[in-house]
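[1] Any chance you can model this:
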Amino acid sequence: MKMDLWSWISELPNSDEWSPDSTSDLTFQLASSSESLQLKARRKFSSNSDLLAITFYVSHAEKALWVSDTCQVNSEKPFFRY
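    Numbers count the residues shown, from 1 in each chain. From the prediction side, this is the model:
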């Protein structure tokens, strides 16, 4: 079953798909053709904090079309400001 976009975003803080590296990417396929349109989430842990920072990218043919501001999240209240 394919996940909808908001469910994918909501699951990011607790996803088992992240690599164990402190910085890694996950990709959601927005559209598929010969060159795909993707939403990428890049996570990074701060060395002085247990907060997770996620930056979103929309890319086409491996070129970034849009980059979000980095948002810090925690697993209790993901994507809510502090």
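[2] switch to C-alpha atoms for all contacts and neighbour counts from now on
    Fine.
[3] need the helix or strand of the chain with the lowest average pLDDT.
    strand 71-73 (a mean of 77; mean pLDDT, DSSP states H and E).
[4] Pull out the buried residues from that strand.
    For strand 71-73, a neighbour-count test (16 or more other CA atoms under 10 Å) marks 71-73 as buried.
[5] Quick one: list the elements packing against it.
    strand 52-60 (3 or more CA pairs under 8 Å, 6 or more residues apart in numbering; DSSP states H and E).
[6] which residues of this structure fall in strands?
    Along the chain, counting by DSSP state E, strands occupy 23-31, 37-45, 52-60, 63-67, 71-73.
[7] would you list these in JSON lines and tack on distance to I9?
    Formatted as JSON lines, the strands of the chain follow (distance: least, CA to CA, whole Å):
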{"stretch": "strand 23-31", "distance to I9": "9"}
{"stretch": "strand 37-45", "distance to I9": "9"}
{"stretch": "strand 52-60", "distance to I9": "10"}
{"stretch": "strand 63-67", "distance to I9": "15"}
{"stretch": "strand 71-73", "distance to I9": "12"}
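[8] Worst mean pLDDT among the ones you listed?
    Among those, strand 71-73 carries the lowest mean pLDDT, a mean of 77.
[9] Give me the sheet partners of that strand and which way each runs.
    strand 52-60 (antiparallel) (DSSP bridges).
[10] who's the residue nearest the centre of the chain bridged to?
    Taking CA atoms, centre = their mean, the centroid of the chain lies closest to A41, which sits 2.1 Å from it. Note on A41: beta-bridge partners L26, F56, judged by DSSP bridges.
[11] quick one: it and D25 touch, right?
    Yes - A41 lies in contact with D25 (CA atoms under 8 Å); the separation is 5.5 Å.
[12] L39 versus W6, what's the distance?
    12 Å (CA to CA, to the nearest Å).
[13] Between those two, which is the more surrounded one?
    L39 (22 against 8; other CA atoms under 10 Å).
[14] Quick check: nearest residue in space to the more buried one, chain neighbours excluded?
    V58 (4.5 Å; CA to CA, 6 or more residues apart in numbering).
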